[in-house]
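Q: Only the shape, not the letters, is given here:
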């Protein structure tokens, strides 16, 4: 029997988690010794390894499993691309300025923070406040917090605030300005009023080349790189559709006033898929594999009613009931869910929320966000948008380069049509400067009008109108209209795009929150219970001390683990084994092997599991075999306990 | 017996290679449908996969094998960081402007191109010209080539040009300007004269945040991210030294006039190691593992003589003879060599060239480049620099944050020293506004001067000078100087940094050139002979046709390959099997299995090797086992030929 672990003995404590993340260098503010820059973070060794493992699994789950085509396109982008895509005009947030200090705030965040603080004060006044949320003491010292004034509000005001918050993403800039005036919302840092909301474009601007004549932007998404290469991708896919391209890379958004750690940053790694699909057929061949997966949905309709309750139904039902628009969108929603749960996100804290009309990006026709619950509420971590034919169409129009699919029709479409034909030699002489007008008008006639014109020609009564209304007579000698059989062998169309887009930094932060807990006997002993799949280090190798006699066996164990593909680290620092294990619990290392004097005598080593702290013992080769299977996921700890003897030696938790 | 392949039947043809790379979408000019931007390229599916495989092997060879600490730091960097690092002042190239058109050229490239063209014209005039190099016809049409005027030069002019070219990297801007005037070097595109060389900073500038008050740059190297996090890294490494951090990421250089494909780009992925080492001990514990590796060295001394001949000696000899400065630098030179050869670089086309004094980056004290030979000559692909304590020192001075190692001394250092001590109560009254001056002067005295001052105090003759030269008398009542025994338990020092820095795009391009050849029977049948380790796809699965009856076995083979960890792709397009294999020879896919009617009947499949086009046959499971070992590198094709029967069916090369 393995030990049962109580992971909820202590309430979640964000401050302790953040201290751990800083102490173990998961990540830290970039340029910290220069005072830092808001919204820029560096990942240290465990954070980098965690991110690399998430990316590896993403590549396996999406690119390899689904046979996607990977791309790596540039970040620096000439301005015309984002002019066409609409980002120069519309990729912007509303900001407000403090009327006295000139400090800049994001308008919707201001509304949210102030209203939430007032609601919290109301709850406290009514004596209903939940246990106070612990606040980062350091942050508190650095800046004024949003003050929580304990003051009861009229019931109708509470209802009004709640309604505003439920549809916050739906307000335009002028709406937000109106809210600030109506409800006297001020800069919480200073108490000053704020000005009218203004648009601020979120792209970082630069200039390409030595002459300064070529403005450029850092991409705010990787997607445009896929669209611009569409023709090459289609050819690479043997001109067949559907197919998907995928890209993992850095993007940039010059956020107005980022303050939410990894949740709102100015530079981030994203993973994006652009799935190109026939607009007339958005079925997905593998939808049947996922249709019974049950998820929590929050539709736009429900939100518009000011509500946030979830429907728990299967993705099959959601598509059948047209809550989710089509199978392909639904397939990706389900695959996103499976990916997030596999890497360690708590499925009970995951929901899919549909965008409301005003909230939608300018290029999207429908969008479902995978939102993950955390200490700040629900946060968008994956967007799954139907961009329809928007991007391919605008780039094609701007460049004149057709971004279309041409499909041979298995059966040609045969139609009979009236076809007008001018006598090319006579037309100029007959109509003089009216020639262009005549050709244009005739070319634009519908079938019905062509039939009428044909009859008029037969009677020599055919005429058309100039733009000013005056008539031009058309003699039957210059125009023939004949009924012809037309055979169409090719269908040409612009594909639609379904885009799952992952913010990897946000997902990484959610993993940290969902996997953090403290041991029941001591709140200071934090543990990060990552699944072995994503854990930065899979196995710790702990010799009793750094003494020379342990070196050969330590080297042998490390080398055998490396050959078995298990990423391990040796910790032979001079602190106690218990302290070294505690450090690695904080790093989320799932397994550890100890080399002591008994190991030298008997060639046995002990194997420790992070969450239970249970230890097993076996020969070097047995233990390495078991660890390898544990890391691969083909063996559980319970299974391992049946293969190796329980070790009853010294407990590592002192 | 496996077939012997003649890979040199056709001369290397750059134009054919480039056509192949474009056709198979290894990479393409970014924003191609917008007309492209010089120096920006997108990688398509095979290029992305090749790059990802190079990165994976880099991570294994360096980070995992050497236990390095990986980092992922931001690209966007506030200006003060690069002011301190010296990049704002010195990270620049010399550019010249065409005096009539205003076109901008890099000064050293202009000198190189014009002199090389004249030397080529001279060779032709002397009737010694080698077979003319094939020129990209498309590029030829787009712009004027550097004109090769067939004209014999005086022997001394030839010698002078050759000497200039050998030390081209050593010239300053004014030198380059002088060369242009002396030798009448003009813009080869227009024939116009050029102006005086001016410095152009190569960093892309931007601005962080909505107020425009925070200038920033895109990093031109990942290194600063390592240095700024040094204290956290040191702590993560249990405060021990030496250790190395490593980072793979995007960097940017706003090149003046990039024209050399992947060899000179404005945005690139690099992999950098910063190895922090004790300046008093640059030995490396694993140097003995590499000391017998023989390499081609080109030292600064040899280049200064205007020569380029290599010394082939072992890395051990190079360090012993002080050609390479120390073991750690030498160890990395050898590890770089092993890495490059492992991924498929031809060792005969690899040399290590030392930087000359003027060529060295402002932060380096010594630098060896791994240069790889290709159709444009020798190109730097990896730099291996000793940055000494430069970066840590300047950042520490600027920020006041100590970036040092503090080591407990096993035996304390005991010294006797004269120690001055003021009477704190009396000092202010005694010296008034001179107090600060007196304290500062005394604090800065050396031991010898302190002894003299002590003697003067005893005679009441002690005095020091004000900055203006006037004297201040020091009474013995306010200052005591005593001999004390000082015990020093801690040694504090700034580590030195050895930096191997890899340009992954250049290495990728070299791999393409070194592994490209055409089949003897048909120059149009190009092959890319990547080692399986880095090949974009390891195994092609080719059903005879897309007919439904082949689907189950195709799916089974794919699924079994995936489970065995072999990345495969199915090609069931409607062209012949021979054409499909030819396409995959161009993609560099080393193995292919064919599923035909015999497969359905007997459950046998054939296995094809790319270079020899030899085919073997066996049961599905046997073949999958063999392919897996071939891809892992634990089995050669010759070994495979002994395990499976030779297949004598249809040859795929038509």
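A: Nice, I can see it. Remember, it's a predicted structure, so these values are computed and weren't measured experimentally.
Q: so what's residue A:541 bridging to?
A: Beta-bridge partners for residue A:541, by DSSP bridges, are residue A:570, residue A:593.
Q: can I assume it is in contact with residue A:554?
A: Yes: using C-beta atoms under 8 Å, residue A:541 is in contact with residue A:554, at 6.1 Å. C-beta: built from backbone N, CA, C; applies to glycine.
Q: residue contacts, residue A:591?
A: The contact partners of residue A:591, by C-beta atoms under 8 Å, 6 or more residues apart in numbering or on different chains, come to A:532, A:538, A:539, A:540, A:607, A:608, A:609, A:610, A:627, A:630, A:631.
Q: okay, it: pLDDT?
A: In this model, residue A:591 is scored at 98, pLDDT.
Q: ditto for residue A:131
A: For residue A:131, pLDDT reads 48.
Q: Quick one: find the helix or strand in chain A with the lowest mean pLDDT.
A: Lowest mean confidence among the helices and strands of chain A (mean pLDDT, DSSP states H and E): helix A:137-142, at a mean of 45.
Q: I'd like the next helix or strand past it.
A: Downstream of helix A:137-142, the next assigned helix or strand under DSSP states H and E is helix A:155-166.
Q: Can you give me the buried ones in that following helix?
A: A:158, A:160, A:161, A:164, A:166 (16 or more other C-beta atoms under 10 Å in any protein chain shown).
Q: ditto for stretch A:614-632
A: So stretch A:614-632, judged by 16+ other C-beta under 10 Å, has buried residues A:614-618, A:620, A:622-631.
Q: What are the contacting residues of that stretch?
A: A:2-3, A:532, A:538-539, A:553, A:556-557, A:560-561, A:564-566, A:590-591, A:593-594, A:599, A:603-609, A:635-637, A:640-641, A:643-647, A:649, A:652.
Q: run the last query once more with 6 Å
A: Stretch A:614-632 has contacts (C-beta atoms under 6 Å, 6 or more residues apart in numbering or on different chains) with A:2-3, A:532, A:538-539, A:560, A:564, A:566, A:591, A:603-608, A:635, A:640, A:643-645, A:647.
Q: are any of those residues buried, and which?
A: Of the contacts of stretch A:614-632, these count as buried by 16+ other C-beta under 10 Å: A:2, A:532, A:538-539, A:560, A:564, A:566, A:591, A:604-608, A:635, A:640, A:644, A:647.
Q: Report all helices and strands that the lengthiest helix in chain A contacts.
A: As assigned by DSSP state H, the longest helix anywhere in chain A is helix A:107-125. Counting contacts by 3 or more C-beta pairs under 6 Å, 6 or more residues apart in numbering or on different chains; DSSP states H and E, helix A:107-125 packs against helix A:155-166.
Q: The helix or strand residue A:618 falls within: what's the following helix or strand?
A: Residue A:618 belongs to strand A:615-619 when assigned by DSSP H and E. On the C-terminal side of strand A:615-619, the nearest following helix or strand under DSSP H and E is helix A:620-632.
Q: Hey, what's the angle from that next one to strand A:615-619? Just curious.
A: With axes from the mean of the first three to the mean of the last three C-alpha atoms, to 10 degrees as the basis, helix A:620-632 and strand A:615-619 are set at 130 degrees to each other.
Q: next helix or strand past helix A:620-632?
A: Following helix A:620-632 in sequence, per DSSP H and E, is helix A:637-643.
Q: Any buried residues in that next one, and which?
A: Buried, per 16+ other C-beta under 10 Å, within helix A:637-643: A:637, A:640, A:641.
Q: Closest one to residue A:517 out of these, please.
A: residue A:637 (16.9 Å; C-beta to C-beta).
Q: what does chain A have sitting close to chain B?
A: A:25, A:30-31, A:33-34, A:37, A:40, A:42-43, A:45, A:48, A:69-74, A:76, A:78, A:80, A:95, A:104, A:200, A:204, A:206, A:210, A:228-229, A:232, A:236, A:238, A:250, A:256, A:267, A:399, A:401, A:573 (C-beta under 6 Å from any C-beta of the partner chain).
Q: Relative to the strand ranked longest in chain A, what are the paired strands and their orientations?
A: For chain A, the strand reaching the highest residue count under DSSP state E is reported as strand A:405-422. According to DSSP bridges, strand A:405-422 forms sheet pairs with strand A:479-493 (antiparallel).
Q: tell me the domain boundaries of chain A?
A: A:14-83+A:203-392+A:497-505, A:92-201, A:412-490, A:537-646 (automatic domain parsing).
Q: do you know which of the ones you listed lies nearest residue B:380?
A: That would be domain A:14-83+A:203-392+A:497-505 among the domains of chain A, by C-beta to C-beta, at 21.8 Å.
Q: hang on, the earlier thing: what is the nearest of the contacts of residue A:591 to residue B:284?
A: The closest of the contacts of residue A:591, once distances to residue B:284 are taken by C-beta to C-beta, is residue A:540, at 25.5 Å.
Q: hang on, that closest one packs against residue A:584?
A: Yes: contact status for residue A:540 versus residue A:584: in contact at 4.7 Å, counting by C-beta atoms under 6 Å.
Q: show me the contacts for residue A:223.
A: Here residue A:223 is in contact with residue A:272 (C-beta under 6 Å, 6+ apart).
Q: coming back round to it: among the contacts of stretch A:614-632, name the ones in strands.
A: A:539, A:591, A:604, A:605, A:606, A:607, A:608, A:645.
Q: what about whichever residue of the stretch 401-550 of chain A sits closest to chain B, distance to residue B:32?
A: Ranking the residues of the stretch 401-550 of chain A by distance to chain B (C-beta to the nearest C-beta) places residue A:401 first, at 4.1 Å. From residue A:401 over to residue B:32 the distance is 9 Å, taken as C-beta to C-beta, to the nearest Å.
Q: Next: residue A:336.
A: Taking C-beta to C-beta, one finds residue A:336 at 31 Å from residue B:32.
Q: sorry, back to before: what does the longest strand of chain A contact?
A: A:241, A:442, A:447, A:450-451, A:478-493, A:495.
Q: And the helices in the stretch 401-550 of chain A, which stretches?
A: Assigned by DSSP state H, counting those that start in this stretch, the helices in the stretch 401-550 of chain A fall at A:424-431, A:435-443, A:447-458, A:504-515.
Q: Would you format the ones you listed as CSV with mean pLDDT and mean neighbour count included?
A: Below are the helices of the stretch 401-550 of chain A laid out as CSV (pLDDT from 0 to 100; neighbours: other C-beta atoms under 10 Å in any protein chain shown):
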stretch, mean pLDDT, mean neighbour count
helix A:424-431, 89, 13
helix A:435-443, 88, 14
helix A:447-458, 91, 15
helix A:504-515, 98, 22
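Q: want to try CSV for those, with distance to residue A:296 as columns?
A: Listed next are the helices of the stretch 401-550 of chain A as CSV, based on distance: least, C-beta to C-beta, whole Å:
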stretch, distance to residue A:296
helix A:424-431, 67
helix A:435-443, 55
helix A:447-458, 52
helix A:504-515, 16
